[in-house]
Every structure is written in structure tokens, then in C-alpha cells.
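Visitor: Sequence and computational prediction follow.
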Amino acid sequence: MDIKTSLIVVGLVLATLLLLAIMAAGLVAGFDDWRSERARRRTGGGGSSLSGESAESGSSGGDGGGGGGE
């Protein structure tokens, strides 16, 4: 391989690693939000004291979360 091809390969590998790191950070942040929302519901916070959007976006089945537009 010449130098140009090597630089292209290294650039692609670094870009892929950067995308994986961003996706992993997003998963960790989403899991933390889900866990805190679940703990808030378990302790009786209800979710309606905050914004209804966050309660609805975090719930998968709509089991008592905000009741925003219904």
C-alpha cells in the first residue's frame, strides 16, 4: 500500500471509532434517563410534575405516564 491508501484507511478507521464512541455515549445517556425516570415513577413522582413530553418519551407502554393529550 502506498501512503495515500494508508492515510485513507486510517481516516476511515478513526471515523468509524468516533461514530461508535458517539453511539455508545448516546446509549449510556439514554439508559441513565430511562433509569432515573423509572426510579422517579417507583418513588411516586408520577412524571406529571415535570414536563409531559419526557414522561411520554421514556415510557414504552404508557402505563400511567403523563396522560398529556388524551
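Guide: Ah, there it is.

Visitor: what about Gly11, distance to Leu17?
Guide: Taking CB to CB, to the nearest Å as the measure, Gly11 falls 11 Å from Leu17. Heads up, the C-betas are built off the backbone N, CA and C, glycines and all.

Visitor: Likewise for Arg38?
Guide: Applying CB to CB, the value for Arg38 to Leu17 is 31 Å.

Visitor: and the helix or strand containing Leu14, what does it pack onto?
Guide: If you go by DSSP states H and E, Leu14 is part of helix 3-42. If contacts are counted by 3 or more CB pairs under 8 Å, 6 or more residues apart in numbering; DSSP states H and E, helix 3-42 sits against helix 52-58.

Visitor: Assign Gly44 to helix, strand or coil.
Guide: Counting by DSSP: H, G, I helix; E, B strand; the rest coil, the backbone at Gly44 sits in coil.

Visitor: neighbours of Glu37, just the number please.
Guide: For Glu37, the count of nearby residues is 19 (other CB atoms under 10 Å).

Visitor: Quick check: it vs Gly26, distance?
Guide: Separation of Glu37 from Gly26 (CB to CB): 16 Å.

Visitor: And for Leu17?
Guide: Relative to Gly26, Leu17 is positioned 15 Å away (CB to CB).

Visitor: Likewise for Arg40?
Guide: Arg40 is 21 Å from Gly26, where distance means CB to CB.

Visitor: higher neighbour count, those two?
Guide: Under the neighbour definition other CB under 10 Å, Arg40 and Gly26 were set side by side, and Arg40 has more, 17 against 10.

Visitor: what's the distance between the more buried one and Val9?
Guide: Arg40 sits 47 Å away from Val9 when distances are taken as CB to CB.

Visitor: What of Phe31?
Guide: Distance, Phe31 to Val9, using CB to CB: 33 Å.

Visitor: With only the CA atoms kept, save stretch 34-44 in PDB.
Guide: C-alpha atoms of stretch 34-44 as PDB (Å, rounded to 0.1, in the frame of the first residue of the first chain):
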ATOM      1  CA  TRP A  34     -34.600   5.600  31.500                       C
ATOM      2  CA  ARG A  35     -33.300   4.500  34.800                       C
ATOM      3  CA  SER A  36     -34.000   7.900  36.500                       C
ATOM      4  CA  GLU A  37     -37.500   8.000  35.000                       C
ATOM      5  CA  ARG A  38     -38.200   4.500  36.300                       C
ATOM      6  CA  ALA A  39     -36.900   5.400  39.800                       C
ATOM      7  CA  ARG A  40     -39.000   8.600  39.800                       C
ATOM      8  CA  ARG A  41     -42.100   6.600  39.000                       C
ATOM      9  CA  ARG A  42     -41.300   4.000  41.600                       C
ATOM     10  CA  THR A  43     -40.900   6.600  44.300                       C
ATOM     11  CA  GLY A  44     -44.200   8.200  43.500                       C
END
